[in-house]
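K.L.:
please find the sequence and the predicted model below.
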Amino acid sequence: MGLEACELPPPQSMSPENAVPRILVITPVRDERAHLAATIESMTAQTLRPTAWMIVDDGSTDGTGELIDRAAEEHSWIRGLRRPDRGRRKVGGGVIEAFDDGLARFDLDDFDYVCKLDGDLRFGERYFEALMEKFAADPRLGTASGKCWDKTASGWTLLRTSDEFSLGAAKCYRVECFRAIGGFVAEVMWDGIDCHRCSMLGWKARSFHDEDLRLYELRPMGASHRSVFHGRWRWGWGLHFIGTHPLYAVAIACYRTFERPFALGGMCILGGYLWAALRRVPRYPDPAFRRHLRRWQLARLRLS
């Protein structure tokens, strides 16, 4: 399975007042056979179907590629692309490398919106229709998503995230805004860098609590590589990389202490941040971005 170029399916019907938004969705996956079927089911049930959906298999060894093949055979708007197996999951940068590989098969001039969507999500049939309503209501909305819910022993629990960010699991962008920020950065914390770059350029980033925009994580967030604890440590490392103020790093660690894995998760975040700081790990090489970030963080802490 592979593509040199993508011939888009015919556009959906258009109303007299407004053209149907042209949406490109790209989903990087690796060893997601257990969850991808639910995402495919959610996508094919949409009341507003994406114009094209590229699923990029980033070296899976569990049969994920065969599942993508079947979906592409059944739906002309679904495409598949296989990348070679590097022998391991590469979080952060690897996800964006796979996304960019899929994006390169398309011409963004053919679309109004571009969306990075994880392959372990379930969501309602009005997700994309409701999301487009948010964009239509606010011309300065550059990137948006719903909110994620995580399955726990007691049921589905809302993952606490700022309303001022679109979620990394399901980022949808106006193409104009996506181009303005230069796309995604292939580093850990790419899904924070992009939203702050949006605000630097006068765009808004948002995630919404609407019921139609609920996203259900079929695997615990941060558990896709080694363990949840390693994911929290990596989070702390990423906070240092993007230039986070020490006080804000402490605040994040304290805030996350009260969610799974209780206490230890927050300690791992702070440990990762301090580990990177003590070893003088290089930071995101954009001083203007880091100044903007710290001003925003201190304002959130009510210290400026």
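P.N.:
Arrived safely. Just so you know, these numbers come straight off a predicted model, no measurement behind them.

K.L.:
does Tyr273 touch Gly243 like I think?
P.N.:
No. Shown here, Tyr273 and Gly243 do not form a contact pair, counting by CB atoms under 8 Å, at 11.4 Å. All C-beta spots, glycine's among them, are computed from the backbone N, C-alpha and C.

K.L.:
who has more neighbours out of the two?
P.N.:
Per other CB atoms under 10 Å, whichever of Tyr273 and Gly243 has more neighbours is Tyr273, with 25 against 20.

K.L.:
just the pLDDT for the more buried one.
P.N.:
Tyr273 carries a pLDDT score of 96 in this model.

K.L.:
again with the one 5 residues further on
P.N.:
Leu278 is assigned a predicted lDDT (pLDDT) of 96.

K.L.:
need phi/psi at it.
P.N.:
Torsion angles at Leu278 (phi, psi; degrees, to the nearest 10) stand at phi -70, psi -30.

K.L.:
and it, how far from Phe128?
P.N.:
45 Å (CB to CB, to the nearest Å).

K.L.:
these two: which is more packed in?
P.N.:
Phe128 (25 against 9).

K.L.:
that one: what's it in contact with?
P.N.:
By CB atoms under 8 Å, 6 or more residues apart in numbering, the contact list for Phe128 reads Ile23, Gln46, Thr47, Leu48, Arg49, Pro50.

K.L.:
just checking, which of the residues you listed belong to helices?
P.N.:
Here DSSP state H is the test, and the contacts of Phe128 give no hits in helices at all.

K.L.:
and which of those is nearest Cys195?
P.N.:
Ile23 (19.6 Å; CB to CB).

K.L.:
what packs against whichever strand or helix holds Ala38?
P.N.:
Under the criterion of DSSP states H and E, Ala38 resides in helix 33-44. Other helices and strands packing on helix 33-44, by 3 or more CB pairs under 8 Å, 6 or more residues apart in numbering; DSSP states H and E, are strand 23-29, helix 64-74, strand 121-123.

K.L.:
next secondary structure after the last one?
P.N.:
Scanning the chain past strand 121-123 towards its C-terminal end, the next helix or strand to appear is helix 127-137 (assignment: DSSP H and E).

K.L.:
list the buried residues in that next one.
P.N.:
Tyr127, Phe128, Ala130, Leu131, Met132, Lys134, Phe135 (16 or more other CB atoms under 10 Å).

K.L.:
chain center to the helix holding Ala38: distance?
P.N.:
Relative to its chain's centre, helix 33-44 lies at 16 Å (CA atoms, centre = their mean, to the nearest Å).

K.L.:
can you name the next helix or strand after it?
P.N.:
The helix or strand immediately downstream of helix 33-44 is strand 52-58, counting by DSSP H and E.

K.L.:
okay, buried residues for that next one please.
P.N.:
Ala52, Trp53, Met54, Ile55, Val56, Asp57, Asp58.

K.L.:
can you give me the distance of the third one to Pro28?
P.N.:
For Met54, the distance to Pro28 equals 9 Å [CB to CB].

K.L.:
picking up where we left off before, from the contacts of Phe128, which is closest to Arg290?
P.N.:
Ile23 (32.8 Å).

K.L.:
partners of that closest one in the sheet?
P.N.:
Tyr113 (DSSP bridges).

K.L.:
shouldn't it be in contact with Lys116?
P.N.:
No. Contact criterion CB under 8 Å: Ile23 and Lys116 do not qualify, at 11.9 Å.

K.L.:
which of these two has more neighbours?
P.N.:
The neighbour count for Ile23 versus Lys116, taken as other CB under 10 Å, is higher for Lys116 (29 against 22).

K.L.:
phi first, then psi, for the closest residue to that one other than its chain neighbours.
P.N.:
Distances taken as CB to CB, 6 or more residues apart in numbering place Lys171 nearest to Lys116, at 4.8 Å, with adjacent residues excluded. Note on Lys171: backbone dihedrals following degrees, to the nearest 10 are phi -90, psi 120.

K.L.:
show the contacting residues for Lys171.
P.N.:
By CB under 8 Å, 6+ apart, the contact set of Lys171 is Cys115, Lys116, Thr143, Ser145, Asp191, Asp194.

K.L.:
go with 6 Å
P.N.:
Lys116, Thr143, Ser145 (CB atoms under 6 Å, 6 or more residues apart in numbering).

K.L.:
SS state for the most centrally placed residue in the chain?
P.N.:
Closest to where the C-alpha atoms of the chain average out (CA atoms, centre = their mean) is Gly168, at 2.3 Å. Under DSSP: H, G, I helix; E, B strand; the rest coil, Gly168 falls in the coil class.
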